[in-house]
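Enquirer: I'll drop the sequence and a predicted model, then ask my questions.
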Amino acid sequence: MCPHHPSPNKPEDIVREEGAQLDFSRDMSYGDYLQLDAILGAQKPLSPAHDEMLFIIQHQTSELWMKLMLHELKAAIAHIASDELQPAFKMLARVSKIMEQLVHAWDVLATMTPPEYSALRPYLAQSSGFQSHQYRCIEFAMGNKNAAMLKPHAHSPERLAVVQAAYEAPSLYDEALRLLARRGLAMPESHTQRDWTKPYEASDAVEQAWLTVYRNPKDHWDLYQLGEELTDLEDAFRLWRFRHVTTVERVIGFKRGTGGTGGVSYLRKMLDVVLFPEIWRLRTDL
Ligand code: HEM
Ligand SMILES: N[C@@H](CC(=O)c1ccccc1NC=O)C(=O)O
């Protein structure tokens, strides 16, 4: 440090000395670029309850992360379809990390007690996360296809078209299996060309193909890596489902959901969903 020009230590002096730009009357600023007026103007509590701000922001931030997950998932699926695995791996790893972020986000919501939630719950009317179109697109992209889940979007043709497109498109796992077939692994046609809207059905032949990969990782290194990326993803997804049902039980017990389901009983059934069945089965048979 120069003794003739000591570094300033008053906050105002630091800002001046560093040369930070302070006038944004002509230039794009942070808030302009990020559209903060739109984002920060979108929290409109309907109740006098203190905790409604938490509830709104928890869901809005989740929807933003889901938007990024979909962006990455769609690109990963397209890259796998065109045999570009390295970029797909990076995107899938990011999706898993976002899901982990959403798993930890439950800790914030769980600070809300049953009486605190009861104060705002009547204002939610029949709305429910069950109607989240982005969440449904993620489930469809992950292969959990169910035509009934299109119905909550029927009142909005534009929204329905988006969810319907995700419903009709091959899922991440469908594209993974087509890749295995292109790599010369025996794969039944029922699993490479099928009606993508049908729920996925596990197959011994598909498990055999994955077993070939997992028994000889050195010969199929990138497919082996793909298998592990899928495992990470489903692992994180299961944790999210588990934290959801546990948070719901601690906040509303076994009350029916505002979306019309049994509530915890419905969410527990969702814990049984297996997205990539052969990826799990092969572990027993290896
Ligand atoms: C106090 C907090 C919460 C409660 C009490 C709650 C309750 C429920 C219930 C009871 C359901 C079943 C559908 C119904 O009948 O309503 C449900 C579904 C759902 N919730 Fe929540 N939830 C909470 C927080 C969240 C958060 C933070 C998210 C994140 C976006 C979320 C996303 C979803 C989604 C996506 C579904 C559909 C799940 C599926 O179909 O598998 N929920 N929730
Ligand atoms: N299904 C919840 C309500 C709920 O959680 C919710 C309502 C509106 C917007 C998002 C919600 N979050 C997840 O379902 C309940 O039964 O209390």
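Expert: Looks like it came in fine. Ligands and ions are numbered 1, 2, ... in the order given.
Enquirer: Which parts of the protein are helices?
Expert: Here the chain has its helices, by DSSP state H, at 11-18, 30-33, 36-40, 52-81, 85-109, 114-120, 133-141, 157-168, 172-182, 204-215, 221-252, 264-270, 277-285.
Enquirer: Excluding covalently adjacent residues, which one is nearest to M99?
Expert: A236 (3.7 Å; Cβ to Cβ, 6 or more residues apart in numbering). C-betas here are computed from N, CA, C, even on glycine.
Enquirer: Surely the one you found touches H104?
Expert: No. Taking Cβ atoms under 8 Å as the definition, A236 is not a contact partner of H104, at 10.8 Å.
Enquirer: out of those two, which sits in the busier spot?
Expert: Neighbour tally, A236 and H104, criterion other Cβ atoms under 10 Å: the higher count belongs to A236, 18 against 10.
Enquirer: residues touching P199, list them.
Expert: With contact set as Cβ atoms under 8 Å, 6 or more residues apart in numbering, P199 has these partners: N144, K145, N146.
Enquirer: any idea how far H220 is from V248?
Expert: 41 Å (Cβ to Cβ, to the nearest Å).
Enquirer: Near ligand 1, which residues of the stretch 1-150 of the chain? Just list them.
Expert: Residues of the stretch 1-150 of the chain lying close to ligand 1 (Cβ under 6 Å from any ligand atom) are Q58, H59, S62, L109, Y117, S128, G129, F130, S132, Y135.
Enquirer: Quick check: the farthest pair among those?
Expert: Y117 and Y135 (20.1 Å; Cβ to Cβ).
Enquirer: of all of the stretch 1-150 of the chain, which residue lies closest to ligand 2?
Expert: G129 (2.7 Å; Cβ to the nearest ligand atom).
Enquirer: Might one say that G31 is in contact with D37?
Expert: Yes. Counting by Cβ under 8 Å, D37 is a contact partner of G31 at 7.0 Å.
Enquirer: Contact partners for the residue of the stretch 51-200 of the chain found nearest ligand 1?
Expert: Closest to ligand 1 within the stretch 51-200 of the chain is G129: 2.2 Å, counting by Cβ to the nearest ligand atom. Residues in contact with G129 (Cβ under 8 Å, 6+ apart) are H59, Y135, G259.
Enquirer: now those residues: which count as buried?
Expert: Y135 (16 or more other Cβ atoms under 10 Å).
Enquirer: Just give me the neighbour total for the nearest residue to N144 once chain neighbours are set aside.
Expert: Take N144 and drop its neighbours on the chain: the residue closest to it by Cβ to Cβ, 6+ apart is V273, 5.7 Å away. Neighbour count of V273, defined by other Cβ under 10 Å: 16.
Enquirer: what about dumping the CA coordinates of stretch 62-72 to CSV?
Expert: The C-alpha coordinates for stretch 62-72 follow below in CSV (Å, rounded to 0.1, in the frame of the first residue of the first chain):
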residue,chain,number,x,y,z
SER,A,62,-40.1,-22.4,-7.6
GLU,A,63,-41.8,-21.5,-10.9
LEU,A,64,-38.7,-19.6,-12.0
TRP,A,65,-36.4,-22.5,-11.2
MET,A,66,-38.9,-24.8,-13.0
LYS,A,67,-38.7,-22.5,-16.1
LEU,A,68,-34.9,-23.0,-16.1
MET,A,69,-35.3,-26.7,-15.6
LEU,A,70,-37.6,-27.0,-18.6
HIS,A,71,-35.2,-24.9,-20.7
GLU,A,72,-32.3,-27.2,-19.8
